[in-house]
Structure formats: structure tokens, C-alpha cells
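Asker: here is the input, now give the coordinates:
(chains A and B)
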2 protein chains.
Amino acid sequence: MRETLADWRPAIDEAIADLVPREIDADYLESFFGPPTYEYDPTGIQRALATPLWDLLDRGGKRWRAVLFLVLVEGFGEDPAEYLPYACIPEILHNGTIIVDDVEDGATIRRGEPALHRVYGRDIALNAGNAMYFLPLKILTRDPADLPAERRLAAYEMLMYELNRTHLGQGMDICWHNETEVRIGTDEYLEMCACKTGCLGRIVARLAAIITDQPPEVEEAVATYAELTAVAFQIGDDILDVEHSLGRAGEFGKAFGNDIREGKTTLLVIHAIQESGPDRANRLEEILASEDNTDDEIREALSILEAAGSIEYARERALTLSAQAREAIDGLAFDAETTRKLNEFTEFVIERDT
Amino acid sequence: MRETLADWRPAIDEAIADLVPREIDADYLESFFGPPTYEYDPTGIQRALATPLWDLLDRGGKRWRAVLFLVLVEGFGEDPAEYLPYACIPEILHNGTIIVDDVEDGATIRRGEPALHRVYGRDIALNAGNAMYFLPLKILTRDPADLPAERRLAAYEMLMYELNRTHLGQGMDICWHNETEVRIGTDEYLEMCACKTGCLGRIVARLAAIITDQPPEVEEAVATYAELTAVAFQIGDDILDVEHSLGRAGEFGKAFGNDIREGKTTLLVIHAIQESGPDRANRLEEILASEDNTDDEIREALSILEAAGSIEYARERALTLSAQAREAIDGLAFDAETTRKLNEFTEFVIERDT
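Answerer: The predicted structure is shown next:
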């Protein structure tokens, strides 16, 4: 898995640099965005777009969405190297959502360095993040693989379907942060993950299926695989945050007890509230709802999660989801190597330590 | 003009309510966004999306982008009432950019009430604003007018072209706010307006042309008309901010000297710096670059703009742009009533007092 990821990364970053070069000039702007009516300011667009985008990308990130796309394209019998620009679509979208999420959450650290809005200002960061929602969609118009019109339209309609649901998921998640009691159950939580994280996974899979012209049932099977894998990944993220805070995992590049400080309603929280007595459940809600928490309060909340067995519960759910992901593609005609790689993704997302 | 706007407003708001009802339930979510994998939380999505969206729309706004779309559709010989859902596309996009811009600028007031991020929190406001970038694009997939596939694809490609340039314009504008000296000239300023405000105008015009199947030269002519009108509108906005601050215009719903406090590089500022002596020019840059300004400093900056004749200069440029807009559609085969309405738009944008 780590090898597959590492092998592709330079080629992916090169493909992204073909779309948004590290150094922007008037010629690039004209060729990518169209001729100006008057005159572009390349210096301004460098500062507003290329510099923050590459700052974030150069900090790391596994590019696993791009790699999953390429593995699927290869599994569908096409040469992945020919579809590299399309692999950038979910990757740039994902990095855009990171910038916007950090502004929404008031996050301080991202990938071990100050969050982008703390480096460039909220205005520049936010506009760069939003630009990264639309930039990758231009790739379909530029059409590097010379796709027929109906596939380009199918790709646009798919993207609009999934990107709308992404915002529903993010909306539910944020709304729950702001509520003083935990009102929802595990089904709503999983739906939030399916929308917020799963839809970007579905974009990866459906895009690979659409551009290689797979039948609808294959597109749906890989979409389900990617959604389930992404939901497992999201739960894995929630577990990692708690385990790191309990000193059980390695460095996580995030502050201690981050999710609890933010008041996130995670699967672990929902489980702990359902399984703890009313005193502990109320105390957990109280700590989550509070604007500022002492380190002792964070430790108290973590111990409530631990005592309720919520980490084990969440890990079980994540493992079940990743098994369901493997089942979803079981009937497809992938070669053994592709199947091995795709199965590895479902394990990676919950066994990683960063 | 005011009549044309007032006549259409109830129908436009009803069409928006068909897309995003004031009261959200699970049936609506399933029919508009697709079936959930697990279970939606309609209460959460109500709070995260429908409530902030309708709060902003109910505060006012002239819906002139939607009305311009309908005037063009009628001018192209089609029944505007049949294309109402498409008229919502630029209108929801525009209101989304307002929410996001206010977060970026840290604005306090919008349409006479607290900016949305001050009512609902930065996270909810921002996600609602971003959702409003993708929501209207789903209308094309739902395809209420039963458009052939090539027109839907043309509409998507057009939207991706224009929405990418919107973010270039916003990026330049923000970047200049943050710079301590005024580095750019009028051509870059006009380009910023053409991208930031003009592209949304172009979306209105091109969408009307695409869905009614006009030839490319007609689409281009109305796009140019709308871009020029929007640039004139943007300059009109800058003039209004200064005139209001000088006590010459009516209530503007904004704080006094807003643009100067924000450090905006407007056409008036660029002109004043070019036309004033170095002492005044430096002093203006200094006030614009400062994080906090006293009311006396704002008055000083305004007097520098006034003494340089920058208000008259900006008004002349806006009048020229609106004359060019009328010329752009001069050769088209519109009936007299459509031409009259379209010309009225170009005058309205610089003669309005709010």
C-alpha cells in the first residue's frame, strides 16, 4: 500500500503542476482561464491561488484519492498514465475542502504547520479553497483524454450530485457541533460520513468508471466500495484522534483532544452517550458543549469514552464497513493485482497511524 | 425598471422555494439530493441550509440577475415563465457569494441586519454559502425544460469557465486589500471587476442564450453586454460607498467609509493616487493599509478622493461602460420593448441610490 502511494505521488504532483503551476504568469492565465478582457494581475493571482495551494500540497497528504482513481482506471484495462489530469480532480477538491473546513472550524494546525488562514489570512485562504472547488472541474472541459460529449456530461452530472451531498454532510456535522445535546443516532452519523467524506470517494470511483465507459452496475459497485471505504476512514480518523489523545498512537499533527474541544459528535461520542449512565452521559455532553475546556476536562471526556468501550465499538463498525467495501466489488471482473490493491485500501484506512 | 423588477420578484422567490423549501423534510431531501445511504437529519439540514438561505433572501435584494435572465429569454422569443428554475441559478449563486464574501471581509452588516456569520456562526454561514454554489448547478441535471444533452453540456462548460474566473477576480481584489501600496492600474482593476462581478453577469446572459439555442455570436454579444453592465455596476457600488460616506446619497445599509476601512483598491483610489501629489497619495495608501482607522482618518481619505476629482472620473468611466454595453447588443434582433428594458438595466446600475 505505502509503495503504491509513494510510487505515484511524483507523477500526481506533476499533473497538478500542469494545471496550476507553482509560478503563475500571464500566458498560463490566458491559456487556462481564457483571455482577459483588460489585463490580469499574475502577481495577485500567484499570491491568492498558486502560493497557498502549493504550500498545502507540499506539506504532505497521501494523495490516496488520486491513487485509488489510477488503480481503478488500470483495473478497468486502461493505461493510468493517460488519465493523470483526471486523477487531480478529487485530489484538488479534497485539498480545497481542507482549507475551507479549517476556516469553518477555526483550526490552528494543518499537517504540522499553521492552518492556511493563519498564514495567508482568512480571505485569501477561503478564496483559494473555493477556487479549488471549481479549478478541477475545468479539466473536464479541457478534456485531455478526448472523451465523447455524453461522458463529459455524465461526469458533470455525477459531480453535481456528489458535491451537493458533500455540503449536506458538512452541514449536518457542523450543526451537531453547535448543539448542546447529542440529538442524533448512529444512522444519521453514518449518513453524515457518507455525504461529507463518502461523496468524495464516490467521485473518485464514479469518475474512473465514467471516463472508461463502464456499465451502470459497475459504476455503482465501485461507488459503494469507495463510499464504504471513506466512511471507515472517517471513523478511523475519529478513533485516531482519541487514541492519540490517550497517548496510544504516534504523532498526529493535531492538538490533543481536538475533536472534543471542537465539540464534534463522533460515532464514539454517540455510542458513549447511549451506553453510559445519565450522569456520565450528561457530563460528556456538557464538556462537548462548552466553548473552552481545561485539559482535565478533556481527560475526563476521554475516560468516559474509554469506560463505555466506545473505541472498540467504533473499530468494530469500521472493520465491518471495510469488509462490506470488499464485498461490494467482489463480483467485478478485476484482475488479482487490482483486487489486492483495492482490498488494501480498505485495510489501510483504519490501520494507518497518521 | 423598478416595475420590471417588482413584477417578477414573487415568481422568482416561488421558483427558489421549489428548489430549497423554507421547511425541509426527509421527502424533499430524498427527491432533490437523492436517497440517503443511512438516514438524513432534516433538522440539521434545515438549520445548516434552508434557514440561513431564506434569512438572506427575505432581507431583500433586487433579484436583478434573475430578471435580466427572464428579459433575455423573452427577447429570444421564449416564454420566460417556463424557464423560471434556470433564472434561480445566477440568483442563488450570487447570494452564495455574498455570504462567503462577508466571511472573507469580516463584514458586520448585510442588507441592514447582522451578516449571516454573525447570526449563525462562521461555520454554518460558510457551508451554506458554499452549498449555494452547487445547489443551483443541480437544476441543469433536473432539466425542467427538457433540454437536449448538448445544451446541458454547453451550460456546464460555460458555468465552469465563468465560475473559475469569478475566483480569479475575487483573488485579485482580496490580494490588493492586503497590500500596503497600490501596485495596479485601471486595466487590472477593470479585469478584477470583469471577473468578480462580470462573470456572474455573463452567466445570466450566456445561460439565457444557451438554453434558447442562440448562435455563438448572439451568446457572445449578450455576454459582453452583461459583463460591461456588471462592471459599471461594480464601479457604481464603489461610487455609492464614497457618496454615502460624504452624506450625498441616501441610506446604504453599510457602515460609513466601509471600503476605505477595508482597504479596498477601488477605481476611485487608483485614480486619486495617480492624480494627487506624492504627499496625498502616500497618505491615502497609509490610511488604506492601516488595520484600524479613526473617523477623522476616513474623512481625510474621502477628502483626498474628492479633491482629485475621482468620483467624477469613476462616474464617467461607468457611463462609458454602460454605453458600450448598449452598443454590444445594438445589432441583435430584439424587439423594441426588450431593447428598452435591456438599456434600462445599463442605466439603472449606475443611477440607483441603494
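Asker: where along the stretch 201-350 of chain A do the helices fall?
Answerer: Under the criterion DSSP state H, counting those that start in this stretch, the stretch 201-350 of chain A carries helices at the ranges A:216-245, A:258-262, A:267-275, A:278-289, A:295-307, A:310-328, A:336-351.
Asker: now the ones you listed in JSON lines, with distance to B:I124 and mean pLDDT?
Answerer: (Each C-beta comes from the backbone N, C-alpha and C, glycine too.) Shown next, in JSON lines, are the helices of the stretch 201-350 of chain A (distance: least, C-beta to C-beta, whole Å; pLDDT from 0 to 100):
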{"stretch": "helix A:216-245", "distance to B:I124": "20", "mean pLDDT": "95"}
{"stretch": "helix A:258-262", "distance to B:I124": "14", "mean pLDDT": "89"}
{"stretch": "helix A:267-275", "distance to B:I124": "20", "mean pLDDT": "96"}
{"stretch": "helix A:278-289", "distance to B:I124": "16", "mean pLDDT": "95"}
{"stretch": "helix A:295-307", "distance to B:I124": "24", "mean pLDDT": "94"}
{"stretch": "helix A:310-328", "distance to B:I124": "26", "mean pLDDT": "97"}
{"stretch": "helix A:336-351", "distance to B:I124": "29", "mean pLDDT": "90"}
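Asker: now distance to chain B and mean neighbour count too, for the ones you listed, in a markdown table please.
Answerer: Below are the helices of the stretch 201-350 of chain A laid out as a markdown table (distance: least, C-beta to the nearest C-beta, whole Å; neighbours: other C-beta atoms under 10 Å in any protein chain shown):
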| stretch | distance to chain B | mean neighbour count |
| --- | --- | --- |
| helix A:216-245 | 7 | 23 |
| helix A:258-262 | 10 | 21 |
| helix A:267-275 | 12 | 22 |
| helix A:278-289 | 14 | 17 |
| helix A:295-307 | 21 | 17 |
| helix A:310-328 | 11 | 19 |
| helix A:336-351 | 17 | 18 |
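Asker: tabulate those helices in CSV, adding columns for distance to B:N130.
Answerer: Formatted as CSV, those follow (distance: least, C-beta to C-beta, whole Å):
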stretch, distance to B:N130
helix A:216-245, 19
helix A:258-262, 19
helix A:267-275, 25
helix A:278-289, 25
helix A:295-307, 30
helix A:310-328, 27
helix A:336-351, 25
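Asker: pLDDT below threshold where in the stretch 1-150 of chain A?
Answerer: A:1-2 (pLDDT under 70).
Asker: and the helices in it?
Answerer: Taking DSSP H, counting those that start in this stretch as the test, the helices found in the stretch 1-150 of chain A are A:2-19, A:26-33, A:42-45, A:51-58, A:64-75, A:84-105, A:116-120, A:122-134, A:138-142, A:149-178.
Asker: quick one, the last one and helix A:84-105 angle?
Answerer: Spelled out, that is helix A:149-178. Angle, helix A:149-178 to helix A:84-105, by axes from the mean of the first three to the mean of the last three C-alpha atoms, to 10 degrees: 20 degrees.
Asker: and the contacts of the following helix or strand past helix A:149-178?
Answerer: Remark: after helix A:149-178, the chain's next helix or strand is helix A:186-193, criterion DSSP states H and E. By C-beta atoms under 8 Å, 6 or more residues apart in numbering or on different chains, the surrounding residues in contact with helix A:186-193 are A:169, A:172-173, A:176, A:230-231, A:234-235, A:265-267, A:270-271, A:317, B:36-41, B:44.
Asker: before we move on, back to that, can you list the helices of the stretch 1-150 of chain A in JSON lines and add distance to chain B?
Answerer: Below are those laid out as JSON lines (distance: least, C-beta to the nearest C-beta, whole Å):
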{"stretch": "helix A:2-19", "distance to chain B": "11"}
{"stretch": "helix A:26-33", "distance to chain B": "6"}
{"stretch": "helix A:42-45", "distance to chain B": "4"}
{"stretch": "helix A:51-58", "distance to chain B": "10"}
{"stretch": "helix A:64-75", "distance to chain B": "19"}
{"stretch": "helix A:84-105", "distance to chain B": "4"}
{"stretch": "helix A:116-120", "distance to chain B": "9"}
{"stretch": "helix A:122-134", "distance to chain B": "4"}
{"stretch": "helix A:138-142", "distance to chain B": "5"}
{"stretch": "helix A:149-178", "distance to chain B": "3"}
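Asker: make CSV from those and add distance to B:Y133 to it.
Answerer: Converted to CSV, the helices of the stretch 1-150 of chain A look like this (distance: least, C-beta to C-beta, whole Å):
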stretch, distance to B:Y133
helix A:2-19, 20
helix A:26-33, 18
helix A:42-45, 20
helix A:51-58, 18
helix A:64-75, 21
helix A:84-105, 11
helix A:116-120, 19
helix A:122-134, 7
helix A:138-142, 15
helix A:149-178, 9
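Asker: want to try JSON lines for those helices, with mean neighbour count and distance to B:A48 as columns?
Answerer: Shown next, in JSON lines, are these (neighbours: other C-beta atoms under 10 Å in any protein chain shown; distance: least, C-beta to C-beta, whole Å):
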{"stretch": "helix A:2-19", "mean neighbour count": "16", "distance to B:A48": "31"}
{"stretch": "helix A:26-33", "mean neighbour count": "14", "distance to B:A48": "32"}
{"stretch": "helix A:42-45", "mean neighbour count": "21", "distance to B:A48": "32"}
{"stretch": "helix A:51-58", "mean neighbour count": "20", "distance to B:A48": "25"}
{"stretch": "helix A:64-75", "mean neighbour count": "25", "distance to B:A48": "25"}
{"stretch": "helix A:84-105", "mean neighbour count": "23", "distance to B:A48": "11"}
{"stretch": "helix A:116-120", "mean neighbour count": "21", "distance to B:A48": "21"}
{"stretch": "helix A:122-134", "mean neighbour count": "25", "distance to B:A48": "18"}
{"stretch": "helix A:138-142", "mean neighbour count": "18", "distance to B:A48": "28"}
{"stretch": "helix A:149-178", "mean neighbour count": "23", "distance to B:A48": "3"}
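Asker: ok, which of the ones you listed comes nearest B:L200?
Answerer: Among the helices of the stretch 1-150 of chain A, the nearest to B:L200 by C-beta to C-beta is helix A:122-134 (13.1 Å).
Asker: for A:G185, phi and psi?
Answerer: phi -110, psi -170 (degrees, to the nearest 10).
Asker: pretty sure it contacts A:I270?
Answerer: Yes: with contact defined as C-beta atoms under 8 Å, A:G185 counts as touching A:I270 (6.5 Å).
Asker: give me every residue that touches the residue of the stretch 1-150 of chain A found nearest chain B.
Answerer: At 3.0 Å from chain B, A:A48 is the closest residue in the stretch 1-150 of chain A, using C-beta to the nearest C-beta. Residues near A:A48 by C-beta under 8 Å, 6+ apart: A:124, A:127-128, A:131, B:170-172, B:174-175.
Asker: repeat the analysis, applying 6 Å as the threshold.
Answerer: A:124, B:171, B:175 (C-beta atoms under 6 Å, 6 or more residues apart in numbering or on different chains).
Asker: tell me the one among those residues nearest to B:L305.
Answerer: Closest approach to B:L305 among these (C-beta to C-beta): B:C175, at 21.7 Å.
Asker: let me know the pLDDT of that closest one.
Answerer: B:C175 is assigned a pLDDT of 95 by the prediction.
Asker: now it, nearest residue through space, not along the chain?
Answerer: A:G44 (4.0 Å; C-beta to C-beta, 6 or more residues apart in numbering or on different chains).
Asker: any idea how far the one you found lies from B:A314?
Answerer: Distance, A:G44 to B:A314, by C-beta to C-beta, to the nearest Å: 21 Å.
Asker: for A:L267, same thing?
Answerer: In terms of C-beta to C-beta, A:L267 sits 56 Å off from B:A314.
Asker: ok, now A:R315?
Answerer: Taking C-beta to C-beta, one finds A:R315 at 63 Å from B:A314.
Asker: I'm done for today, thanks for sticking with me.
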